[in-house]
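with the input below, show me the fold.
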Amino acid sequence: MPSDPYLNKMNIPRFHLAFPVHDLELAREFYTKVLGCSLGRESDKWIDFNLYGHQVVAHLSPEDCSNVQTNSVDGDKVPALHFGVILEWNEWESLGKKILESAIHFMIEPKTRFKEGKGEQGTFFIQDPSGNALEFKSFKNDKMVFEN
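Numbering: from 1, shown residues only. Take a look at the predicted model:
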């Protein structure tokens with residue numbers, strides 16, 4: 001696996017997440033080209049991706065790919081099942097612009113949620129080719145991540 005540019009930035013443990021996909025090559029294209037992930041190990045049944053220093057693994061399992069239910073959050077229909085990364089504000093804005101300029105459709109376009117309140121954050125949602133929902137968010141003040 002190539003060197004991890006996020007390793008020196010992170011002072012918290014990295015997470016591992018496995019998720020189903022219906023096509024490994026479409027997953028490879030999306031996670032490397034759209035999200036900029038580097039590749040790790042792989043087989044004909046799964047691929048490891050480096051998602052901002054975290055190990056996410058696409059497992060070929062078409063029967064487990066399904067539509068996600070939503071919940072209302074701050075006026076949006078947020079997918080109940082989703083994963084993502086909290087980025088620094090400038091990285092979040094850059095990724096949002098990159099996706100806006102691509103052919104990827106936003107489930108929820110970039111916006112500021114809970115404006116001027118506890119937990120104020122920039123957020124947007126997209127889906128990978130297998131329908132997995134991903135949220136990318138940022139807090140201008142990291143103390144707000146868990147503020148209640």
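
for the rest of this, base every contact and every neighbour count on C-alpha atoms.
OK.

which residues of the chain fall in strands?
Assigned by DSSP state E, the chain shows strands spanning 16-21, 38-42, 46-51, 54-60, 70-73, 76-79, 82-86, 106-113, 121-127, 133-138.

which stretch among these comes nearest Asn148?
Nearest to Asn148, of all those, is strand 121-127, at 13.5 Å by C-alpha to C-alpha.

can you list contacts of the closest one?
89, 92, 96, 104-115, 133-140 (C-alpha atoms under 8 Å, 6 or more residues apart in numbering).

kindly report the same for stretch 59-78.
For stretch 59-78, the external contacting residues (C-alpha under 8 Å, 6+ apart) are 18-24, 45-47, 79-81, 108, 113-114, 130-133.

next one: the residue sitting nearest the centre point of the chain from Phe136, what distance?
The residue lying closest to the centre of the chain (C-alpha atoms, centre = their mean) is Gly84, at 3.1 Å. In this view, Gly84 and Phe136 are 5 Å apart by C-alpha to C-alpha, to the nearest Å.

and the strands of the chain as a markdown table, adding mean pLDDT and distance to Thr32?
Below are the strands of the chain laid out as a markdown table (pLDDT from 0 to 100; distance: least, C-alpha to C-alpha, whole Å):
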| stretch | mean pLDDT | distance to Thr32 |
| --- | --- | --- |
| strand 16-21 | 97 | 15 |
| strand 38-42 | 96 | 6 |
| strand 46-51 | 98 | 8 |
| strand 54-60 | 97 | 12 |
| strand 70-73 | 91 | 27 |
| strand 76-79 | 92 | 23 |
| strand 82-86 | 95 | 15 |
| strand 106-113 | 94 | 18 |
| strand 121-127 | 96 | 14 |
| strand 133-138 | 97 | 15 |
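
wait, what's in contact with the residue nearest to the centre of the chain?
134-137.

state the pair within those residues that is farthest apart.
So for the contacts of Gly84, where distance means C-alpha to C-alpha, the most widely separated pair is Leu134 and Lys137, at 9.9 Å.

so between those two, which is more surrounded?
Using other C-alpha atoms under 10 Å as the criterion, Leu134 and Lys137 rank with Lys137 on top: 24 against 18.

which strand residues bridge the more buried one?
For Lys137, the beta-bridge partners are Ile86, Thr123 (DSSP bridges).
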